[in-house]
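# Generate coordinates for the sequence data below:
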Amino acid sequence: MTSTLAPASRSVRARLKRRPWTHHNRLAAAVVVVNAVLAVTAGPLDADVLARLVLGNLTLAVLIRQQLVINLLFRLATAASPRRSLRLRWTLGKVYHFGGLHVGGTLCATGWFLVLTGVLTVRGGPAALLVTTWAIAGVLAVMVVLALPRLRARRHDLFERSHRFGGWSLLVLFTVHSVLLGGPDFAGSGPFWVLLVVVTSVALPWLRLRRVPVRITRPSPHVALLSFDYGVTPFAGSSTALSRNPLLEWHSFANVPAPGRAGFRLTVSRAGDWTGALIDDLPTHLWVKGIPTAGVGNIDKLFRRVVWVATGSGIGPCLPHLLSGETPARLVWSTRHPRRTYGDELVDEILAVQPDAVVWDTDSAGKPDLVELALSAHRDFDAEAVICISNKKTTWHVVEELEARGIPAFGAIWDS
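Numbers count the residues shown, from 1 in each chain. Have a look, this model is predicted:
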């Protein structure tokens, strides 16, 4: 497909919207800057001050990933009226970059704790305190290394398990360490209550762990459509975490609630060992935990008119918004033979609410220029924003190219 549209701007403003200058990284850098200021202004960095800096950053890192906090952030960000300036709403729409605060808090907590480890080692003290200190330092170092983007992408299962079991170990170790460092005055102190909040935050989703029935249809060997009805009807733009073994592996999928109908659906495509096994095995029950959690699609309510760009099973996260019709939308969907892959029922449901959708069959028409299709739909539909749901490479390409042309664009950033 030959593009006839103007090339993307290469202005400083446009370049600052691309990696590595994303809102996610800017938030992480802001946390580091705040900590640097504290290092200069906090006075002598004795063990007590260092411990408080560690706890403050650890609290930020944990709470910003808490489902209730995430939903609150999205609620606050999307409360802005569509009458507000587009630039403001464009910025508010980047709320899903909140993970930058997690990264910044984790890095700073680790850095301060390494300094604290040095101070306590030089100062000496009870053997139990030193052993606990070095144990925490070791766990933090391993978790940070395994969270490095390239290593995390190659060994995601190892990254996920290290964060789960390492995180739980840290909570126990930090509690013991705080008691040993604070002595009898720790109970009832400010750090005690802060640490209690952190532990409660981590525990809450697991208190809602349950094994629920699921109905699965398989329109093709590539796709499974999961239907749940266990008393939860999630909101459009949310996701649910699923597992077959809750201690080892979790995968989040966008919820597809239907207006006026209880329960919800999920669209799962074959994209790895876990999804492949689920499509082949068709289990009758799966594990869920926590509550439906807001995701990137939730920001559509900030805009008067939106273009949804989806590839393959990316149609799943778009579908609840298309069905609800709360924000006028136009769909661009690129996929392999849509009816053969996803079934007539699902395709007919989509076309019933999106009769003007651009459905691009890659089997017959080849790979499209999604940027041009998005630009054309944005212009023809007089939309304010574009939301792209696709794989990492395609999402980043579409979002960056559109934003370089001055169009608000949004898509997942794979920071979890």
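# which residues in the stretch 51-200 of the chain form helices?
Listed in chain order, the helices of the stretch 51-200 of the chain (DSSP state H, counting those that start in this stretch) span 67-77, 86-92, 99-123, 127-146, 149-154, 156-182, 190-207.
# Could you do the stretch 251-400 of the chain as well?
So, for the stretch 251-400 of the chain - with DSSP H, counting those that start in this stretch - the helices run 273-281, 315-324, 338-342, 344-353, 362-365, 370-380, 392-404.
# Could you say which one of those comes nearest to residue 231?
Residue 231 lies closest, by Cβ to Cβ, to one member of the helices of the stretch 251-400 of the chain: helix 315-324, at 18.4 Å. Every residue, glycine included, has its C-beta placed from N, CA and C.
# got a markdown table for the helices of the stretch 251-400 of the chain, with mean pLDDT and mean neighbour count too?
Shown next, in a markdown table, are the helices of the stretch 251-400 of the chain (pLDDT from 0 to 100; neighbours: other Cβ atoms under 10 Å):
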| stretch | mean pLDDT | mean neighbour count |
| --- | --- | --- |
| helix 273-281 | 92 | 15 |
| helix 315-324 | 91 | 24 |
| helix 338-342 | 92 | 19 |
| helix 344-353 | 93 | 15 |
| helix 362-365 | 90 | 11 |
| helix 370-380 | 96 | 20 |
| helix 392-404 | 94 | 20 |
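# closest one to residue 63 among these?
Judged by Cβ to Cβ, the one of the helices of the stretch 251-400 of the chain that comes nearest to residue 63 is helix 315-324, at 25.4 Å.
# What count of nearby residues applies to residue 78?
Using other Cβ atoms under 10 Å, the number of residues around residue 78 comes to 19.
# Please put the alpha-carbon coordinates of stretch 345-357 into PDB.
What follows is stretch 345-357, C-alpha atoms only, in PDB (Å, rounded to 0.1, in the frame of the first residue of the first chain):
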ATOM      1  CA  GLU A 345     -21.000 -14.700  15.200                       C
ATOM      2  CA  LEU A 346     -18.300 -12.400  16.500                       C
ATOM      3  CA  VAL A 347     -17.700 -10.700  13.200                       C
ATOM      4  CA  ASP A 348     -21.400 -10.100  12.700                       C
ATOM      5  CA  GLU A 349     -21.600  -8.600  16.200                       C
ATOM      6  CA  ILE A 350     -18.800  -6.200  15.400                       C
ATOM      7  CA  LEU A 351     -20.300  -5.100  12.100                       C
ATOM      8  CA  ALA A 352     -23.700  -4.600  13.600                       C
ATOM      9  CA  VAL A 353     -22.300  -1.800  15.700                       C
ATOM     10  CA  GLN A 354     -19.600  -0.700  13.300                       C
ATOM     11  CA  PRO A 355     -21.100  -0.900   9.800                       C
ATOM     12  CA  ASP A 356     -18.500   1.500   8.500                       C
ATOM     13  CA  ALA A 357     -15.500  -0.400  10.000                       C
END
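# In CSV, list the helices of the stretch 251-400 of the chain along with distance to residue 129.
CSV is the format used below for those (distance: least, Cβ to Cβ, whole Å):
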stretch, distance to residue 129
helix 273-281, 41
helix 315-324, 48
helix 338-342, 59
helix 344-353, 59
helix 362-365, 61
helix 370-380, 57
helix 392-404, 43
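# For residue 238, which of those is the nearest?
helix 315-324 (8.5 Å).
# who touches that closest one?
236-237, 239, 253-259, 265-267, 295-297, 300, 306, 308, 310, 327, 329, 331, 333, 335, 342, 349-350, 353-354, 387, 389 (Cβ atoms under 8 Å, 6 or more residues apart in numbering).
# Pick the most deeply packed of the helices of the stretch 51-200 of the chain.
Stretch with highest mean neighbour count among the helices of the stretch 51-200 of the chain: helix 99-123 (a mean of 20; mean count of other Cβ atoms under 10 Å).
# and that helix, what does it pack onto?
For helix 99-123, the contact count by 3 or more Cβ pairs under 8 Å, 6 or more residues apart in numbering; DSSP states H and E identifies helix 23-41, helix 47-63, helix 127-146 as packing neighbours.
# Identify the residues contacting that helix?
22-32, 35, 45-47, 50-51, 53-54, 57-61, 64-65, 129-130, 133-134, 136-137, 140-141, 143-144, 147, 413, 415-416.
# need the contact list for residue 168.
Residue 168 makes contact with residue 202 under the criterion Cβ under 8 Å, 6+ apart.
# Repeat that for residue 309.
Residue 309 sits next to 332, 370, 373, 374, 377, 386, 387, 388, 389, 390, 398 when contact means Cβ under 8 Å, 6+ apart.
# correct me, but residue 250 touches residue 242?
Yes. Between residue 250 and residue 242 there is a contact under Cβ atoms under 8 Å: 7.0 Å.
# Residue 210 and residue 396, how far apart?
35 Å (Cβ to Cβ, to the nearest Å).
# again, but for residue 40
Taking Cβ to Cβ, one finds residue 40 at 36 Å from residue 396.
# now do residue 295
17 Å.
# quick one on the thing from earlier: list only buried entries from the contacts of helix 315-324.
The neighbour-count criterion (16 or more other Cβ atoms under 10 Å) marks 236-237, 239, 253-258, 265-267, 295-297, 300, 306, 308, 310, 327, 329, 331, 333, 335, 342, 349-350, 354, 387, 389 among the contacts of helix 315-324 as buried.
# where does residue 45 fall, phi/psi-wise?
phi -90, psi 70 (degrees, to the nearest 10).
# Help me confirm that it comes into contact with residue 39.
Yes. Checked against Cβ under 8 Å, the pair residue 45 and residue 39 is within contact range at 7.0 Å.
# Touching, residue 248 and residue 165? I think so.
No. At 9.8 Å, residue 248 does not count as touching residue 165 under the criterion of Cβ under 8 Å.
# Which neighbours do those two have in common?
By Cβ under 8 Å, 6+ apart, no residue touches both residue 248 and residue 165.
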